[in-house]
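J.: Build me a model:
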Amino acid sequence: MKQPRAGLTVVDHPLVQHKLSLMRDRITSTAEFRRLLREISLLLAYEATRDLPLESTEIETPLERGSFPLISGKKLCLVSILRAGNGILDGMIDLLPSARIGHIGIYREPRTLQAVEYYLKLPDDLAERDVILVDPMLATGNSAVAAISRLVELKARSIKFVCLVAAPEGVDTVLGIFPEVAIVAAALDRCLDAHGYILPDLGDAGDRLFGTR
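T.: Have a look, this model is predicted:
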């Protein structure tokens, strides 16, 4: 696990890096891309939940009664930035089946690269929940900032942002506005190009996930 800058954690586990490299390959099929995304998302969820609080609970084993740690509160909410965020959501639900689920529909306007919200559905008790916001790519950071702004407006108890690939520019944008939001990524790539795409990246995650163009 690397921390190349304050607020950003890059998960450098060999399994994460291996699966991400396979996802980058342009010849990887839609089915394989989907499977890899689900697997790597579970591993990212493991890292993103590392600091969940524990409390001692009395449990009777087959041999004796004792005090053992269980997660305290269990007030988690997974929020997907549509549409590609749903690919990460699937893997995280495998690990966190009792978490509440929310969706924020945002698209990046091609000319200005600004985020435009078109859908919002979140739990009513967001103020009582720790939110893990998911989107495969953190490029300019505009979509992430728009989504985080919504969650802050609704008083989410805490917010983490989880992605596959981040650009330095996007990380700086998010942490410059929301320094309290922790970012967990599988990779910090080199830079953005003139069109706001991450280099070297893995292509349009939504298109590769759903088999569209």
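J.: So the one residue sitting closest to the centre of the chain: helix, strand or coil?
T.: Closest residue to the average C-alpha location of the chain: residue 162 at 2.4 Å, with Cα atoms, centre = their mean. The three-state label given to residue 162 by DSSP: H, G, I helix; E, B strand; the rest coil is strand.
J.: For it, which residues are in contact?
T.: Shown in contact with residue 162 (Cβ atoms under 8 Å, 6 or more residues apart in numbering): 44, 45, 48, 88, 92, 132, 133, 134, 183, 184, 185. Using the backbone N, CA and C atoms, a C-beta is placed for each residue, glycine as well.
J.: Tell me the one among those residues nearest to residue 120.
T.: In terms of Cβ to Cβ, no member of the contacts of residue 162 lies closer to residue 120 than residue 133, at 12.9 Å.
J.: Could you check which helix or strand contains the closest one?
T.: strand 130-134 (DSSP states H and E).
J.: That strand pairs with which strands, parallel or anti?
T.: strand 76-82 (parallel), strand 158-166 (parallel) (DSSP bridges).
J.: could I get those as CSV with mean pLDDT and distance to residue 145?
T.: Formatted as CSV, those follow (pLDDT from 0 to 100; distance: least, Cβ to Cβ, whole Å):
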stretch, mean pLDDT, distance to residue 145
strand 76-82, 95, 11
strand 158-166, 97, 10
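J.: between these, which gets nearest to residue 38?
T.: Of all the strands paired with strand 130-134, strand 158-166 comes closest under Cβ to Cβ, at 12.0 Å.
J.: and the next element down the chain from that closest one?
T.: helix 168-177.
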